[in-house]
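S.K.: I'll drop the sequence and a predicted model, then ask my questions.
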Amino acid sequence: MVAEEGVPLRGIMETMGRRWKLPVKSIAPKEAQAHFGWLALFAGFDAPASSALTRKRLGWRPTGPGLIADLEQLVVSDG
């Protein structure tokens with residue numbers, strides 16, 4: 001969990017595609033069901049997450065990198 005909020009799914013997918021050398025493309029919302037199957041329901045949600053409540057209640061102060069920066073640092077295995 002990181003302190004940043006509202007990281008777009010597109011940015012996450014583009015980063016992962018680049019790291020794993022996989023093609024990533026945008027599709028129209030009407031194509032999502034055929035492409036993702038039952039996962040389309042979740043891919044289409046605009047459900048931003050926040051760590052604000054956790055930080056407030058527990059006094060937590062994240063110190064790590066943001067999500068995209070963390071994904072960029074992943075060690076990618078070929079096997």
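M.R.: Looks like it arrived, so ask away. Numbers count the residues shown, from 1 in each chain.

S.K.: give me the below-cutoff pLDDT ranges for the chain.
M.R.: Within the chain, the segments meeting pLDDT under 70 span 1-2, 78-79.

S.K.: what about the strands in it?
M.R.: For the chain, no strands turn up when DSSP state E is the criterion.

S.K.: which residue ranges of it form helices?
M.R.: 9-20, 32-36, 40-43, 52-58, 67-72 (DSSP state H).

S.K.: how about JSON lines for those helices, with mean neighbour count and distance to residue 3 added?
M.R.: (Each C-beta comes from the backbone N, C-alpha and C, glycine too.) Below are the helices of the chain laid out as JSON lines (neighbours: other C-beta atoms under 10 Å; distance: least, C-beta to C-beta, whole Å):
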{"stretch": "helix 9-20", "mean neighbour count": "14", "distance to residue 3": "16"}
{"stretch": "helix 32-36", "mean neighbour count": "13", "distance to residue 3": "29"}
{"stretch": "helix 40-43", "mean neighbour count": "13", "distance to residue 3": "24"}
{"stretch": "helix 52-58", "mean neighbour count": "10", "distance to residue 3": "7"}
{"stretch": "helix 67-72", "mean neighbour count": "15", "distance to residue 3": "10"}
